[in-house]
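Novice: Here is a sequence with its predicted model. Questions after.
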Amino acid sequence: MSAQLSYVWLSRRRGIGAGLLCELLRVFGSPDAVYAADRRTLEAACPLRRAQADSLCDKSTDEAEEILRRCAAGDIRILTLGDSAYPDRLRAIADPPVVLYVRGRWPDFDVTPAVAVVGTRDATQYGRTTAEKLGAALARAGFITVSGMARGNDGAAHRGALRAGGLTVAVLAGGADVCYPPEHRSLMGDILLSGAVVSEYPPGSEPRGAHYHNRNRIISGLSVATVIVEATDWRSGALITVRHALDQGRDVYAVPGTLDAPRSAACNALIERGEAALLSSPAALVRAYSGLLRGANTQVRPAPPRQDRHRQGEARRPKAADTPVLRTQASAPAGDALPQSLGDDERAIVELVRQGVSGADELVARCGLPAARVMSLVTMLEMDGILRREKGKLVLFRR
């Protein structure tokens with residue numbers, strides 16, 4: 001039996017969640033070994049309900065073989081927990097999906113960090129605009145924007161990343177070939193051109209209520225941080241994603257709103273309770289994680305033990321140093337003076353622009369830094385009002 005077939009067979013065992021599937025893999029070492037085990041061996045290895053043991057003792061591979069055929073016919077890539085292309089950050093959560101089904105261009109999450117941007121389907125104009133700005137800023141800096149392709153803020157975050165020419169990945173609650181909501185068919189097509197859609201459910205699967213909860217752990221699991229833009233109530237999908245992120249030990253940011261804005265109440269409460277850091281601007285988010293673009297500090301934090309989750313006051317919050325406040329154009333330095341807070345790499349880029357280097361390719365060649373790092377720094381310098389684009393060329397911002 002091929003490795004793909006055995007992983008798909010295991011993933012389709014009824015009544016067995018991802019956490020237990022991963023425990024079976026840990027105990028037996030491979031899906032082939034799980035497949036070969038008899039009832040007595042399975043029940044001795046893990047506590048199983050009778051229905052779960054029955055499912056594991058069903059050795060038919062007909063469904064798995066049909067899924068492989070449909071994936072081949074639909075140009076859907078299968079990523080298993082044993083593949084090197086499976087993202088390490090997702091693999092580190094307590095219950096990673098055993099199989100992922102991917103359409104489009106799957107980015108290397110271990111090289112390019114991702115940030116999740118989520119929010120309510122019933123978004124305000126403020127929320128949609130903010131989500132789009134966040135997606136665009138992340139894309140210009142070289143990050144992957146991850147969201148759920150839902151109506152409202154999710155869709156706006158994807159569109160922002162696409163309009164900025166960046167990478168975006170949509171995690172679906174149905175099959176990777178099933179567009180939901182139907183009106184996002186055009187958006188899905190655009191995402192597939194420059195990014196990917198992914199699901200743990202095989203092709204043809206319709207989205208269901210429980211699927212969304214499972215989908216949300218993948219959104220946060222792929223990402224170094226999750227940003228919540230708006231949420232209507234505490235049962236919303238965006239807040240479920242936040243809970244998963246906190247369980248996984250990932251950073252959470254919330255976009256604040258006015259005191260009388262119903263869709264901002266949950267975000268304001270997360271900030272007040274210390275479960276999320278206040279996000280002051282897109283640039284603050286980009287600056288907080290820009291070090292990951294040059295390969296620094298990329299160790300994956302393991303998920304906390306299950307018994308420690310949701311204890312009052314122990315939810316992880318980004319430290320103050322992780323959430324710098326953006327210098328706006330109004331505070332940009334006059335003349336040739338530069339803020340003392342600029343790093344050496346930023347100063348080197350500004351000096352090259354002063355010397356007449358105005359193109360991205362030449363900047364990368366002259367700086368000797370990775371292209372993603374250079375573009376991230378250029379984006380932040382533009383947001384800070386130090387550089388600007390004039391007829392497609394970078395120039396110093398002059399007051």
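Specialist: That came through, no problem.
Novice: Next up, the contacts around Ala231.
Specialist: Ala231 makes contact with Gly119, Thr120, Ala238, Leu239, Arg263, Ala265, Ala266, Cys267, according to Cβ atoms under 8 Å, 6 or more residues apart in numbering. Backbone N, C-alpha and C define where each C-beta goes, glycine included.
Novice: Contacts for the helix or strand of the chain with the lowest mean pLDDT, please.
Specialist: Of the helices and strands making up the chain, the lowest-confidence element is helix 371-383, at a mean of 76, by mean pLDDT, DSSP states H and E. With Cβ under 8 Å, 6+ apart as the test, helix 371-383 has contacts from 112, 137, 140-142, 281-283, 286-287, 290, 293-294, 326, 345-346, 349-350, 360, 363-364, 367, 369, 387-389, 394.
Novice: What are the boundaries of the helices in the stretch 101-250 of the chain?
Specialist: Along the stretch 101-250 of the chain, counting by DSSP state H, counting those that start in this stretch, helices occupy 125-141, 153-163, 185-194, 209-221, 237-247.
Novice: Off-centre distance for the least confident helix or strand of the chain?
Specialist: Centre-to-centre, helix 371-383 and its host chain are 20 Å apart (Cα atoms, centre = their mean, to the nearest Å).
Novice: quick one: buried residues of the helix or strand harbouring Thr41?
Specialist: Assigned by DSSP states H and E, Thr41 falls within helix 39-45. Neighbour-count burial for helix 39-45 flags Leu42, Ala45 (criterion: 16 or more other Cβ atoms under 10 Å).
Novice: and what of stretch 262-280?
Specialist: Under the neighbour-count criterion of 16+ other Cβ under 10 Å, stretch 262-280 has 263-268, 270-271, 275-279 buried.
Novice: ok, those vs Asp247, which is closest?
Specialist: Closest approach between those and Asp247, by Cβ to Cβ: Glu275, at 11.6 Å.
Novice: Can you classify the closest one as helix, strand or coil?
Specialist: coil (DSSP: H, G, I helix; E, B strand; the rest coil).
Novice: looking at it, it is touching Leu246, isn't it?
Specialist: Yes - with contact defined as Cβ atoms under 8 Å, Glu275 reaches Leu246; the gap is 6.4 Å.
Novice: just to revisit the earlier point, reformat the helices of the stretch 101-250 of the chain into TSV and put mean neighbour count next to each item.
Specialist: Formatted as TSV, these follow (neighbours: other Cβ atoms under 10 Å):
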stretch	mean neighbour count
helix 125-141	23
helix 153-163	26
helix 185-194	15
helix 209-221	21
helix 237-247	25
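Novice: so which of those helices comes closest to Ser2?
Specialist: Once these are compared by Cβ to Cβ, helix 209-221 is nearest, at 24.2 Å.
Novice: That closest one to helix 237-247, inter-axis angle?
Specialist: 50 degrees (axes from the mean of the first three to the mean of the last three Cα atoms, to 10 degrees).
Novice: What helices and strands are in contact with helix 209-221?
Specialist: helix 88-91, strand 114-118, strand 167-171, helix 237-247 (3 or more Cβ pairs under 8 Å, 6 or more residues apart in numbering; DSSP states H and E).
Novice: Of these, give the one that comes closest to Arg70.
Specialist: Each of the helices and strands packed on helix 209-221 has some distance to Arg70 by Cβ to Cβ; the shortest is strand 167-171, at 19.7 Å.
Novice: Contacts for that closest one, please.
Specialist: 107, 112, 114, 135, 139, 143-149, 157-158, 161-162, 188, 191, 194-199, 215, 218-219, 222.
Novice: I'd say Pro97 and Glu200 touch.
Specialist: Yes - between Pro97 and Glu200 there is a contact under Cβ under 8 Å: 3.7 Å.
Novice: Quick check: neighbours shared by these two?
Specialist: Common neighbours of Pro97 and Glu200 (criterion: Cβ under 8 Å, 6+ apart): Ser11, Ala18, Asn214, Ile218.
Novice: for those, which one is nearest Arg208?
Specialist: Nearest member of the shared contacts of Pro97 and Glu200 to Arg208, counting by Cβ to Cβ, is Asn214, at 9.7 Å.
Novice: how many other residues sit next to the residue nearest to that closest one when sequence neighbours are not counted?
Specialist: Nearest residue to Asn214, sequence neighbours excluded (Cβ to Cβ, 6 or more residues apart in numbering): Glu200, at 6.8 Å. Glu200 is flanked by 24 other residues according to other Cβ atoms under 10 Å.
Novice: show me what contacts Glu200?
Specialist: By Cβ under 8 Å, 6+ apart, the residues touching Glu200 are Ser11, Ala18, Pro97, Val98, Val99, Leu100, Tyr101, Asn214, Arg215, Ile218.
Novice: What distance do you get for the first one to Arg50?
Specialist: What it means is Ser11. Per Cβ to Cβ, to the nearest Å, Ser11 is found 21 Å from Arg50.
Novice: Which one of these two is surrounded by more residues?
Specialist: Counted by other Cβ under 10 Å, Ser11 and Arg50 do not tie: Ser11 has more neighbours, with 24 against 10.
Novice: where exactly do the strands run in the stretch 1-150 of the chain?
Specialist: Ranges of strands in the stretch 1-150 of the chain, per DSSP state E, counting those that start in this stretch, are 77-80, 99-104, 114-118, 144-147.
Novice: Could you tell me the angle between the second one and helix 185-194?
Specialist: The directions of strand 99-104 and helix 185-194 differ by 90 degrees, with the same axes, to 10 degrees as the criterion.
Novice: Name the residues that touch strand 99-104?
Specialist: Contact with strand 99-104 is made by 7-8, 11, 71, 74-81, 86, 175-177, 191-193, 195-203, as judged by Cβ under 8 Å, 6+ apart.
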